[in-house]
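> here is a sequence together with a model predicted from it:
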Amino acid sequence: MFLFEFFMAIIISFIVTSLFVIAGKKGPWNNLGSLFLVVFLVTWAGGIWLTPIGPQVFGSYLMPFIIMAGLLALLLANIIPHKDKKILKAPEEEMARGDSDEMAAIASLGASFWIFILAVALCIGLFYVI
């Protein structure tokens, strides 16, 4: 069951990440690896914690994984800045300028990203331990 859920989350996350690549987007982190990691972990965590619905395949339900990946894709698609607007700037540009407030915002964004990743991984681990 663990392996099937793991591979199901990888396949669905790969499809969602591929849709972002086709659209020419790399997510709010400007990195496909970070995008795939977030989509994969949230899809896996949501898929195992949501109420089981839909067809059962190898003892696991498919729909919670698809629902989580779809909702996350919609959220990420809405927070990615448009090319014609400079809503977010690349961290490298902000650090080159040396503005301390903007550097602190970049550092906190990096820390919050890893805290989020650890929290989702903890949710996955708790599901299999409990």
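Done, it's in.
> point to the helix or strand of the protein where mean pLDDT is at its lowest.
helix 91-97 (a mean of 57; mean pLDDT, DSSP states H and E).
> how much space between the residue positioned nearest the centre of the chain and G125?
Nearest to the mean C-alpha position of the chain, by CA atoms, centre = their mean, lies V38 at 2.3 Å. V38 is 17 Å from G125, where distance means CB to CB, to the nearest Å. The way it works is simple: take the backbone N, C-alpha and C, and place the C-beta from them, glycine included.
> try F116
Applying CB to CB, the value for F116 to G125 is 15 Å.
> next: L76.
24 Å.
> cool, P55 as well?
From P55 across to G125, the span is 27 Å (CB to CB).
> between those two, who's got more neighbours?
G125 (11 against 8; other CB atoms under 10 Å).
> that one falls within a helix, correct?
Yes. If the criterion is DSSP: H, G, I helix; E, B strand; the rest coil, then G125 is within a helix.
> number the chain from 8, please
Got it, first residue is 8 now, which makes that one G132.
> contacts only, for it.
The neighbourhood of G132, defined by CB atoms under 8 Å, 6 or more residues apart in numbering, contains no residues.
> remind me which helix or strand L48 belongs to.
Using DSSP states H and E, L48 maps to helix 39-56.
> so which other helices or strands are in contact with that helix?
Helices and strands touching helix 39-56, by 3 or more CB pairs under 8 Å, 6 or more residues apart in numbering; DSSP states H and E, are helix 9-29, helix 70-86, helix 107-136.
> between the ones you listed, which one is closest to W56.
helix 107-136 (6.1 Å; CB to CB).
> got the phi/psi numbers for the closest residue to L42 other than its chain neighbours?
Among residues not flanking L42 along the chain, G34 sits closest, at 3.5 Å (CB to CB, 6 or more residues apart in numbering). Backbone torsions of G34, given as degrees, to the nearest 10, read phi 90, psi 180.
> and the gap between G34 and I86?
Using CB to CB, G34 is found at 9 Å from I86.
> higher neighbour count, those two?
The neighbour comparison of G34 against I86 (other CB under 10 Å) goes to G34, with 20 against 10.
> which residues does the more buried one contact?
F27, S41, L42, V45, L83, I87.
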